[in-house]
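Participant: model this:
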Amino acid sequence: MLWMLLALFLVLGVGALLLRPASIPPKSTVQAPLKTSSEPHASHASPFRLRASPVPGQAFEVQVLSKVATNDWLTLVPAEAPEQDWGSQFFLEKGDVAAFQTPQTPGRYELRLYRNWPSGGSQVQERLAFEIPGQAPATVAKPWVVDISKELTYTGDDLPSNLSWGQTSFATDSQAAEKLQNEPPAAGPKLYGYFRLGNSADPIYSFLIQDHKFYLDRNNNEDLSDDGAPSPDGSGSVALEVDLIDSDGQHRKSPYQIWYFFNAHMNGYRFYARCFYAGELSLNGLTIKALAFESQNHNGMWRDDGLWLDLNRNGGFDKDEHFAHHDRVPIGAGIFDLHLKHP
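Facilitator: Okay, here's the model as predicted:
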């Protein structure tokens with residue numbers, strides 16, 4: 001009897017083992033999709049193109065092909081530069097032509113389109129890479145940071161005879177770009193326009209042309225009654241202060257002087273900055289005469305058009321003594337990577 005019970009127990013145990021289901025694999029963890037940003041994204045079609053191949057040391061132009069956001073801006077940097085580092089800032093509108101100084105140092109560079117978000121900060125939307133031909137130097141360059149507004153002195157004098165200001169055009173319209181207060185009494189047609197200056201939240205400095213007079217909102221408060229006497233409409237010089245945000249986040253006002261004029265040949269207005277920064281810089285045991293002025297992008301940012309350095313110490317500035325942001329500069333026995341820090 002006992003042996004029969006043992007046999008039955010063995011049969012039931014083996015059956016239970018045979019009927020036990022295989023272990024179920026653990027359920028994979030499915031993460032919820034990331035929340036989609038509410039900020040718009042740039043189109044895959046590049047909104048800009050090079051108008052000609054860049055030539056080292058010379059200016060080149062970038063054509064804006066499509067509609068861009070109001071606060072979009074273009075910059076030129078080495079391809080390996082972090083997104084927080086930028087050179088010339090050219091704020092864009094459709095049809096604009098942005099002018100940049102081609103770096104002298106061979107290598108790979110990028111044009112980057114940034115967008116400033118209303119909530120703060122900026123982000124790269126598009127990139128366009130290109131090569132500066134030539135063999136890149138093997139020498140490791142030491143960084144050289146030059147803060148133009150702090151190390152050089154602002155002046156409104158004339159440039160040295162071998163240097164000249166470029167010109168920037170500005171459009172006029174029957175409608176103002178922003179709401180203005182206390183406009184002068186209307187006695188004739190009105191033309192509105194603006195200069196885009198600085199990098200603050202409000203870079204629009206509006207003006208009104210009326211009755212052969214030029215009214216500029218110098219203090220940028222959208223009020224035309226507290227800016228002093230108007231200038232002639234045909235041409236004139238106006239001084240103002242540009243709102244800037246430095247690289248350390250500090251807000252300040254920078255002096256700026258504009259010469260504007262009506263170009264009959266082009267049937268439009270143009271202007272340039274009749275001011276510059278000049279002085280002496282010390283590096284590697286040498287004292288170097290330096291000068292910075294805006295020749296292409298007139299926006300009160302100053303570093304956009306590079307730095308002139310009297311390296312041969314002949315008292316002037318030769319064509320090969322002009323250096324852009326991130327150019328390599330030979331000084332004494334060293335090679336330095338120029339980093340312009342204004343603003």
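Participant: okay, now the domains of this protein?
Facilitator: As given by automatic domain parsing, the domain ranges for the chain are 48-136, 137-165+274-343, 168-273.
Participant: could these be laid out in CSV, adding mean pLDDT and mean neighbour count?
Facilitator: In short, each C-beta sits where N, CA and C put it, glycine included. Output for the domains of the chain, formatted as CSV (pLDDT from 0 to 100; neighbours: other CB atoms under 10 Å):
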stretch, mean pLDDT, mean neighbour count
domain 48-136, 75, 16
domain 137-165+274-343, 88, 17
domain 168-273, 90, 16
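Participant: Alpha carbons of stretch 284-302, in CSV - could you do that?
Facilitator: Presented in CSV, the C-alpha positions along stretch 284-302 are these (Å, rounded to 0.1, in the frame of the first residue of the first chain):
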residue,chain,number,x,y,z
ASN,A,284,53.9,89.3,-25.4
GLY,A,285,56.2,92.2,-24.3
LEU,A,286,55.0,94.5,-27.1
THR,A,287,52.7,97.6,-27.2
ILE,A,288,50.5,97.5,-30.2
LYS,A,289,48.5,100.3,-31.7
ALA,A,290,44.9,99.1,-32.3
LEU,A,291,41.6,100.4,-33.8
ALA,A,292,38.1,99.1,-34.2
PHE,A,293,35.4,100.6,-36.3
GLU,A,294,32.2,99.4,-38.1
SER,A,295,32.7,99.1,-41.8
GLN,A,296,30.0,96.7,-42.8
ASN,A,297,27.4,95.9,-40.2
HIS,A,298,26.5,99.2,-38.5
ASN,A,299,24.7,98.0,-35.4
GLY,A,300,26.7,99.4,-32.4
MET,A,301,28.2,96.0,-31.6
TRP,A,302,31.8,96.9,-32.6
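Participant: So what does residue 319 have for phi and psi?
Facilitator: Residue 319 adopts backbone torsions of phi -60, psi -30, taken as degrees, to the nearest 10.
Participant: my read: residue 154 touches residue 279, true?
Facilitator: No: with contact taken as CB atoms under 8 Å, residue 154 and residue 279 are classed as non-touching, separated by 9.7 Å.
Participant: Please name the nearest non-neighbouring residue to residue 293.
Facilitator: residue 276 (3.6 Å; CB to CB, 6 or more residues apart in numbering).
Participant: From what I see, that neighbour and residue 295 are in contact.
Facilitator: No: Residue 276 is not in contact with residue 295 according to CB under 8 Å; the separation is 9.8 Å.
Participant: Residue 168: what's it in contact with?
Facilitator: Each residue near residue 168 by CB atoms under 8 Å, 6 or more residues apart in numbering is listed here: 270, 271, 272, 296, 297, 298.
Participant: Now go through these and say which are in strands.
Facilitator: 270, 271, 272 (DSSP state E).
Participant: give the contact list for the last one.
Facilitator: This points to residue 272. With CB under 8 Å, 6+ apart, residue 272 has these contacts: 165, 166, 167, 168, 258, 259, 294, 298.
Participant: If we ignore the residues flanking it in sequence, what's nearest the third one?
Facilitator: Once flanking residues are discounted, residue 167 sits nearest to residue 270: 4.5 Å by CB to CB, 6+ apart.
Participant: where's the one you found relative to residue 232, distance?
Facilitator: According to CB to CB, to the nearest Å, residue 270 and residue 232 sit 15 Å apart.
Participant: distance of the nearest residue to residue 334 once chain neighbours are set aside from residue 229?
Facilitator: Once flanking residues are discounted, residue 334 sits nearest to residue 284: 5.2 Å by CB to CB, 6+ apart. Separation of residue 284 from residue 229 (CB to CB): 49 Å.
Participant: ok, now residue 150?
Facilitator: 33 Å.
Participant: Ok, residue 249 next?
Facilitator: Taking CB to CB, one finds residue 249 at 36 Å from residue 229.
Participant: How about the contacts made by the closest residue to residue 231 other than its chain neighbours?
Facilitator: What sits nearest to residue 231 in space, not counting adjacent residues and going by CB to CB, 6+ apart, is residue 214, at 4.4 Å. With contacts defined as CB under 8 Å, 6+ apart, the neighbours of residue 214 are 207, 208, 230, 231, 232, 233, 236, 238, 260.
Participant: pretty sure residue 311 contacts residue 323?
Facilitator: No: if you go by CB under 8 Å, residue 311 and residue 323 don't touch, sitting 9.3 Å apart.
Participant: what residues do those two have in common as contacts?
Facilitator: Contacts common to residue 311 and residue 323, judged by CB under 8 Å, 6+ apart, are residue 329.
Participant: What residues are bridge-paired with the nearest residue to residue 85 once chain neighbours are set aside?
Facilitator: Spatial nearest neighbour of residue 85, excluding adjacent residues (CB to CB, 6+ apart): residue 77 at 6.2 Å. Here residue 77 shows beta-bridge partners residue 110, assigned using DSSP bridges.
Participant: for residue 60, same thing?
Facilitator: The partner residues for residue 60, given DSSP bridges, come to residue 100.
Participant: What sits closest to residue 306 if chain neighbours are left out?
Facilitator: Of all residues not flanking residue 306 in the chain, residue 324 sits nearest, at 4.3 Å (CB to CB, 6+ apart).
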